[in-house]
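Enquirer: I'll drop the sequence and a predicted model, then ask my questions.
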Amino acid sequence: MSQLAYRRVLLKLSGEALMGDEDYGIDPKVITRLAREVIEAQQAGAEVGVVIGGGNIFRGAGLAAGGMDRVTGDQMGMLATVINALAMQDALEKLGARVRVMSAIKINDVCEDYIRRRAIRHLEKGRIGIFAAGTGNPFFTTDSGAALRAIEIGADLLLKATKVDGVYDKDPKKHADAVRFDSLTYDDVISRDLQVMDTAAFALCRDSDLPLRIFDMSQPGVLLRILKGEAIGTLVRGRTPGH
């Protein structure tokens, strides 16, 4: 535990991260690798909460743009995150971890209701907490759900796993001269419109002074390296540099 720079963290994974090279759904090899990373971090002494998006199964905003009722679409998206949470629970438990899935919408036959104090107790008891169904409300992304849960459980750091190794001034896949930031303030991110998370999530983190690290989860062992204090990816925090 003394080796770790962060005691309690919330890891945000996109639903797409579970697909691997597939076009849809969940790649068992990928979810097992991600589960190993989470367990490695927990065995080192960290308390780990996880939020997973649902974009590998369903995107409510996309169908809303095509004419579906937005509330209905978002509710379907919440159910997709529950599916991913149960899949991650299974992968973690097969590797010997103790896990609890907690949902922001009532779905008691398959997982617990999200209750803040109970969630914290699970973490304190050495269980990995997977928080499903976003905030439980339409019009909010799972990024906002991750920020909210991180603040509620008293996380020392919010970790957002992406397909790139940090935040750039422009899309590095399209622009060879894109510059990666080692650190930014939340106000920088919002004013520059660096769309890595939605503005509501950034504002929640900023107002609660919760640091956020954005990184590439595809590197083996990267999660534990970050928890030990390595400056991997981009750190976003505070209103002024060094705050």
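Expert: Nice, I can see it.
Enquirer: elements contacting the longest helix anywhere in the chain?
Expert: In the chain, assigned by DSSP state H, the helix with the most residues is helix 70-94. If contacts are counted by 3 or more Cβ pairs under 8 Å, 6 or more residues apart in numbering; DSSP states H and E, helix 70-94 sits against helix 28-43, strand 47-52, helix 60-65, strand 99-103, strand 128-132. All C-beta atoms are positioned from the backbone trio N, CA, C, and that covers glycine.
Enquirer: distance of the nearest residue to residue 13 once chain neighbours are set aside from residue 207?
Expert: Closest residue to residue 13 apart from its sequence neighbours, by Cβ to Cβ, 6 or more residues apart in numbering: residue 52 at 4.8 Å. For residue 52, the distance to residue 207 equals 24 Å [Cβ to Cβ, to the nearest Å].
Enquirer: same check on residue 158?
Expert: Counting by Cβ to Cβ - residue 158 and residue 207 are separated by 13 Å.
Enquirer: more neighbours, those two?
Expert: residue 158 (29 against 12; other Cβ atoms under 10 Å).
Enquirer: shouldn't that one be within a strand?
Expert: Yes. Under DSSP: H, G, I helix; E, B strand; the rest coil, residue 158 sits within a strand.
Enquirer: mind checking the SS state of residue 225?
Expert: For residue 225, the assignment made with three-state DSSP gives helix.
Enquirer: please report phi then psi for the nearest residue to it once chain neighbours are set aside.
Expert: The shortest distance from residue 225 to any non-neighbouring residue, by Cβ to Cβ, 6+ apart, is to residue 232 (6.1 Å). Dihedral angles of residue 232 (phi, psi; degrees, to the nearest 10) stand at phi -100, psi 140.
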